[in-house]
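Enquirer: Got a sequence here, can you model it:
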Amino acid sequence: MSVAESRRIVLFRHAKADWPEVTDHERPLAERGRLDAATAGSRLADTGIPFDLALCSTAVRTRETWKLAVHELAHRPKTVYEERLYEASPGELIAVLNETPDDVRNVILVGHNPSVQGLAEILPGAGAGSGEAREWLDRRGFATAGFAVLSFTGSWKALEPGVATLDDYWAPSE
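Expert: Now for the predicted structure:
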């Protein structure tokens, strides 16, 4: 694959979590979260994006979200559970994405707020992408079980703020 080819990143926020007496990292999904994760998986399948790689935080709620969503996809991508995605800043998420091999075209990153929203805000260049998607994110924030589709051209090592286009945003109805 040429590094000049178009690539896609889907930023997928974990579904609604429960609040039992456990550490934050160990919080499981709430019942609504389990339903929303499966619905999000169906919507991800509807995008038709053939994911080559899934990067998923090691937190229980992100792993549960991904396991429910991936069952809806026609093709199960290679999944890497990455500790660095938990409590990461947008810059730290970019650093992880910069390590992606260039033979990978489409990545889904399953993570947490505020970092996924922050990344969805800084990767697109000014005015790059769907105005409707940007309006939704600006007005409502990055909902649990929501996902943003971004595209860019170039090597993963060249991914940085301002190089992407925000193509779409979806969230379950609240």
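Enquirer: how about the CA coordinates for the lengthiest helix in the chain, as CSV?
Expert: Longest helix in the chain, counting residues (DSSP state H): helix 31-47. Extracted in CSV, the C-alpha atoms of helix 31-47 (Å, rounded to 0.1, in the frame of the first residue of the first chain):
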residue,chain,number,x,y,z
GLU,A,31,-27.5,-2.6,30.7
ARG,A,32,-28.1,0.4,28.4
GLY,A,33,-24.5,0.3,27.5
ARG,A,34,-24.7,-3.3,26.4
LEU,A,35,-27.7,-2.5,24.1
ASP,A,36,-26.0,0.6,22.7
ALA,A,37,-22.7,-1.2,22.0
ALA,A,38,-24.5,-3.8,19.8
THR,A,39,-26.5,-1.0,18.1
ALA,A,40,-23.2,0.9,17.4
GLY,A,41,-21.7,-2.3,16.0
SER,A,42,-24.6,-2.6,13.6
ARG,A,43,-24.1,1.1,12.5
LEU,A,44,-20.3,0.5,12.2
ALA,A,45,-21.2,-2.4,9.8
ASP,A,46,-23.5,-0.1,7.8
THR,A,47,-20.5,2.2,7.1
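Enquirer: how about the nearest residue to Trp19 once chain neighbours are set aside, what does it touch?
Expert: For Trp19, ignoring the flanking residues on the chain, the nearest one in space by CB to CB, 6 or more residues apart in numbering is Arg27 at 6.8 Å. For glycine as for every other residue, the C-beta is placed from the backbone atoms N, C-alpha and C. Applying CB atoms under 8 Å, 6 or more residues apart in numbering, we find Arg27 in contact with Ala17, Asp18, Trp19, Pro20, Ala59, Val60, Arg61.
Enquirer: For the residue lying farthest from the centre of the chain, list the residues it contacts.
Expert: Distance from the C-alpha centroid of the chain peaks at Glu21, with 27.1 Å (CA atoms, centre = their mean). For Glu21, no contacting residues are found, by CB under 8 Å, 6+ apart.
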